[in-house]
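Participant: below is the structure, and that's it, no one-letter string:
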């Protein structure tokens, strides 16, 4: 079992940047594919970015070129760098882990961190 704790959310103006971090503990981080999801008010949770155990990444079309997911196996963390933020990026962002090389669905979730982008 793995525990996930997110940090780095906050309020930022449109066009600004934020970096989210997710610290994992409890099991060997290297066997988990990782992902970031988000959920805006009144909307379904959506997959924003994911990274395999081999560091291959994949992104939601609307964030391609603006967001970067990365993992640091030495620190058991996964990060999401968000640039050129837009008001529509406002959501609660969740870190997720899948006990597999590829990410298809989450086995574990973090508690979420709020990101608010003002126009």
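Facilitator: Right, received. Where do you want to start? Given the structure is predicted, the values throughout are model-derived calculations rather than measurements.

Participant: how close does the residue nearest to the spatial centre of the chain get to residue 119?
Facilitator: Nearest to the mean C-alpha position of the chain, by Cα atoms, centre = their mean, lies residue 36 at 2.5 Å. Using Cβ to Cβ, to the nearest Å, residue 36 is found at 23 Å from residue 119. (C-beta placed from N, C-alpha, C; glycine too.)

Participant: next: residue 39.
Facilitator: 20 Å.

Participant: next one: residue 83
Facilitator: Counting by Cβ to Cβ, the gap from residue 83 to residue 119 is 17 Å.

Participant: same thing with residue 32?
Facilitator: 36 Å.

Participant: which of those two has more residues huddled nearby?
Facilitator: residue 32 (27 against 9; other Cβ atoms under 10 Å).

Participant: list the contacts of that one.
Facilitator: 2, 24, 53, 97-100 (Cβ atoms under 8 Å, 6 or more residues apart in numbering).
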